[in-house]
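# below: sequence and its predicted model.
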Amino acid sequence: MNFTFTEDQLMFHDSVKSFLTNEVTPERIRELWESDTGRSSELWGQLAELGLTAMTVPEAFGGLGMNELDFVLLAEECGYTALPEALVETVMVAVPLISSLGDEQAEFKESWLSRIATGEARVAVGHPDNPLVPDAHVADLLLLANGDEVHALSQGQVQLTENPSVDPSRKLFTVEWTPSTETLISGAGIADGTAGKQLWQDALDRGALAVAAQQLGLARKMVDLSVDYTFERKQFGKPIGSFQAVKHLMSNVAVQIEFAKSPLYKAAYSVAYGLNSRAKDVSHARLVTTDAAMLGAKNGIQSHGAMGYTWEVDLQIFMKRAWALASSYGTQGFHKQRIKQFILADEAQLGAGSTFA
């Protein structure tokens, strides 16, 4: 069995990585913190020109028709650069949610998916497990939950209240709105009554996968920043990175990163191809990548010393993003509970024989 990414996937990853490294710099992120919306129409347009907003949009609606496995490496790089734009959630959550709507919503799907593919429309998703809605202030379409129902609203139909985040790049809002039959697009009264519930469950798995990919990228970035700093910072006439105790701090994170890669990529495969193990695989990836990011933040601060806490040091950009994402699309406790239910189930298929069957 071949578990590696294809040559096309790796080439696309390299080109996107190069773009993000050059365009999404810490300096640009800090500039966006001072802007009115914290978002850049120019940057969003560049992402659309690269075809990133169209990746998971079906070809019938002007997209590239790709899946989560094609995008997971790119989502990781979005985390590595702490991309402020909501590209990852758009591609991995919003677009699949709209695409999964029933045939009775064909006109709605045609209208919005084609505009998302070209970058003309932004979408914000208010999942039932997330009390605050990210990027609601710049969204042309808001997908919100009322119980198991899915509702679609415009900016004029909602009232937004911004909630400060530990991460200045993360724009979170409380959304006040009134459910109605006009805004209902899936759930009670449409198709079967479980349609909306399944849509939100799928969105949870995809959202948790999106968080996991970004957390892995953030962990890598914090290791790289810390290694660079400890190479330049000297004590007793030597770079502090040459001291064994400092090396151990970063090597411990590097080990967790390596062990987190396989669960992440397995989860992306499970979501892309609808495996029965999807929920367990996603929770596994979410747990190990978030653990790696949390340790990366902790050890990164320790490697920087008191400088690690300061506003001027770039490390704080990435550790704050990791902290902010840690409770998005399920807390660590929630995902541990899902793993527990799988492991302790009477019919649990455990061991190498089940894994590679």
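Yes, it's here.
# contacts, neighbours, all on C-alpha from now
OK.
# for this protein, which segments are assigned as helices?
Using DSSP state H, the helices of the chain run over 7-23, 26-33, 41-49, 68-80, 87-89, 95-99, 106-117, 195-232, 244-272, 278-304, 315-325, 332-343, 352-355.
# how far off centre is the first one?
If you compare the mean C-alpha spot of helix 7-23 with that of the full chain, they lie 17 Å apart, counting by CA atoms, centre = their mean, to the nearest Å.
# that helix packs against which elements?
With contacts taken as 3 or more CA pairs under 8 Å, 6 or more residues apart in numbering; DSSP states H and E, helix 7-23 sits against helix 68-80.
# ok, residues contacting the helix it packs on?
For helix 68-80, contacts defined as CA atoms under 8 Å, 6 or more residues apart in numbering pick out 9, 13, 16-17, 20, 55-56, 88, 92, 210, 213-221, 265, 268-269, 271-272.
# what do you get for stretch 269-284?
Residues contacting stretch 269-284 (CA under 8 Å, 6+ apart): 67-69, 205-206, 208-209, 263-264, 266-268, 335-336, 338-339, 342.
# report pLDDT for residue 239.
Residue 239 is assigned a predicted lDDT (pLDDT) of 58.
# can you check the one 4 residues further on too?
Per-residue confidence (pLDDT) for residue 243: 57.
# same question, residue 193
Reading off the model, residue 193 has pLDDT 52.
# same check, this time on residue 232
Note on residue 232: pLDDT of 64.
# turn the helices of the chain into a markdown table, including distance to residue 140 and mean neighbour count.
Listed next are the helices of the chain as a markdown table, based on distance: least, CA to CA, whole Å; neighbours: other CA atoms under 10 Å:
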| stretch | distance to residue 140 | mean neighbour count |
| --- | --- | --- |
| helix 7-23 | 25 | 15 |
| helix 26-33 | 20 | 15 |
| helix 41-49 | 13 | 15 |
| helix 68-80 | 22 | 25 |
| helix 87-89 | 14 | 22 |
| helix 95-99 | 14 | 21 |
| helix 106-117 | 10 | 18 |
| helix 195-232 | 19 | 24 |
| helix 244-272 | 27 | 19 |
| helix 278-304 | 29 | 25 |
| helix 315-325 | 23 | 23 |
| helix 332-343 | 31 | 15 |
| helix 352-355 | 43 | 8 |
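# among the ones you listed, which comes closest to residue 148?
The closest approach between residue 148 and any of the helices of the chain, judged by CA to CA, belongs to helix 195-232 at 4.7 Å.
# tell me which other helices or strands the closest one touches.
Here helix 195-232 touches helix 68-80, helix 87-89, helix 95-99, strand 149-153, strand 238-239, helix 244-272, helix 278-304, helix 315-325, going by 3+ CA pairs under 8 Å, 6+ apart.
# now that helix against helix 244-272, angle please.
For helix 195-232 against helix 244-272, the angle by axes from the mean of the first three to the mean of the last three CA atoms, to 10 degrees is 160 degrees.
# got the angle between helix 195-232 and helix 332-343?
Using the same axes, to 10 degrees, one finds that helix 195-232 and helix 332-343 are set 110 degrees apart in direction.
# bridging residues for residue 134?
Under DSSP bridges, the beta-bridge partners of residue 134 are residue 172.
# isn't it right up against residue 175?
No. Taking contacts as CA atoms under 8 Å, residue 134 lies outside contact range of residue 175: 10.2 Å.
# out of these two, which sits in the more crowded spot?
Set residue 134 next to residue 175 and count neighbours by other CA atoms under 10 Å: residue 134 wins out with 22 against 19.
# coming back round to it: lowest average confidence across the helices and strands packed on helix 195-232, which one?
Looking at these, the bottom one is strand 238-239 with a mean of 63.
# next one: stretch 62-76 to chain centre, how far?
Using CA atoms, centre = their mean, the offset of stretch 62-76 from its chain centre is 12 Å.
# output it as CSV, restricted to C-alpha atoms.
Extracted as CSV, the C-alpha positions of stretch 62-76 are listed here (Å, rounded to 0.1, in the frame of the first residue of the first chain):
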residue,chain,number,x,y,z
GLY,A,62,-16.9,26.0,-11.4
GLY,A,63,-14.6,24.4,-8.8
LEU,A,64,-11.7,22.0,-9.0
GLY,A,65,-13.6,19.1,-7.4
MET,A,66,-10.8,18.1,-5.0
ASN,A,67,-11.2,16.8,-1.4
GLU,A,68,-9.8,17.2,2.1
LEU,A,69,-6.8,14.9,1.4
ASP,A,70,-5.8,17.3,-1.4
PHE,A,71,-6.1,20.3,0.8
VAL,A,72,-4.7,19.1,4.2
LEU,A,73,-1.0,19.9,3.4
LEU,A,74,-2.1,23.4,2.3
ALA,A,75,-4.1,23.8,5.5
GLU,A,76,-1.0,22.9,7.4
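# list the buried residues of stretch 127-145.
Across stretch 127-145, burial judged by 16 or more other CA atoms under 10 Å covers 127-128, 132-145.
# now residue 267: how far from residue 204?
13 Å (CA to CA, to the nearest Å).
# just give me the neighbour total for residue 3.
Neighbour count of residue 3, defined by other CA under 10 Å: 8.
# could you check the distance from it over to residue 66?
18 Å.
# likewise for residue 262?
Distance of residue 262 to residue 66, computed by CA to CA: 21 Å.
# cool, and residue 95?
Distance from residue 95 to residue 66, counting by CA to CA: 11 Å.
# mutual contacts of those two, please.
In terms of CA under 8 Å, 6+ apart, residue 95 and residue 66 are both contacted by the residues 56-57.
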